[in-house]
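Chemist: Structure here, sequence nowhere to be found:
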């Protein structure tokens, strides 16, 4: 069910809600996609959890205000959706850009973060990040998203997955190519400036880090640095996978989500919170 609310700064926010009696899981999508990227994970959960998948600002059916954008603004987009759904807290799951937003959410809204599942993401994209992300934004503005689609597809999925799931690739490309160029550029600028390395120690939620072994965008080395910076974080490297884990490995993501949520409950019970 698609629902609509308004973020703290007045931006319209759309989100998909699948209600269930199980644990609550809030999901944050990668750059230039939308909440539909989680559909296969939700299907794999098979009604074992309630899920809320946001279209972050600049994406999907949500508002596309002029930039600049900040990860903290997108974290507030999730907070608004959770409040609208009546959720006090949740396991927060983020992939790629969504993983960056999930980190910001855990720092900005710690009481609402029951646990974290961070996948195909990083706390910092490196020294050349501002220039690299600016280059992608410029290409989209000047040449359109069709020109960027082959680059994205090569990073999203392994060759074997593309060969066996051509319709899935076409579906993801269609979502990508529907993007709003100025909103995409604002999001790219946000990613180029993103750096939470010195704040990772402040994340108190139980955290799992997930990465594809063949991910060229946020490789396992970035995931290991993320794990090292977050107290008590657990790392899993997923075999035969690239960047878009919710689509290429939905069953793995679903099981890791259930395990992460169960671990958060065990910690609370054990710590008498």
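Modeler: Okay, I see it. All of these numbers come straight from a predicted model, not from anything done at the bench.

Chemist: so who does the residue lying closest to residue 121 once chain neighbours are set aside touch?
Modeler: In this structure, residue 121 finds its nearest non-sequential neighbour in residue 99, 2.6 Å apart by CB to CB, 6 or more residues apart in numbering. Just so you know, the C-beta spots here come from the backbone N, C-alpha and C atoms, and that holds for glycine as well. Neighbouring residues of residue 99 by CB atoms under 8 Å, 6 or more residues apart in numbering: 28, 118, 119, 120, 121, 122.

Chemist: Can you tell me which of those residues lies closest to residue 154?
Modeler: Closest approach to residue 154 among the contacts of residue 99 (CB to CB): residue 120, at 14.5 Å.

Chemist: Helix, strand or coil: sort out residue 30 for me.
Modeler: Three-state call for residue 30 (DSSP: H, G, I helix; E, B strand; the rest coil): coil.

Chemist: who are the neighbours in contact with the spatially closest residue to it that is not a sequence neighbour?
Modeler: Spatial nearest neighbour of residue 30, excluding adjacent residues (CB to CB, 6+ apart): residue 96 at 3.5 Å. Taking CB under 8 Å, 6+ apart, we find residue 96 in contact with 29, 30, 31, 119, 120, 121, 217, 218, 243, 244.

Chemist: between these, which has the most around it?
Modeler: residue 119 (32 neighbours; other CB atoms under 10 Å).

Chemist: Per-residue confidence, that residue, what does it come out as?
Modeler: Note for residue 119: predicted pLDDT of 98.

Chemist: Residue 45 contacts residue 51, correct?
Modeler: Yes: the pair residue 45 and residue 51 passes the contact test of CB atoms under 8 Å, sitting 6.8 Å apart.

Chemist: which residues are in contact with both of these two?
Modeler: Here residue 45 and residue 51 have residue 25 as joint contacts, going by CB under 8 Å, 6+ apart.
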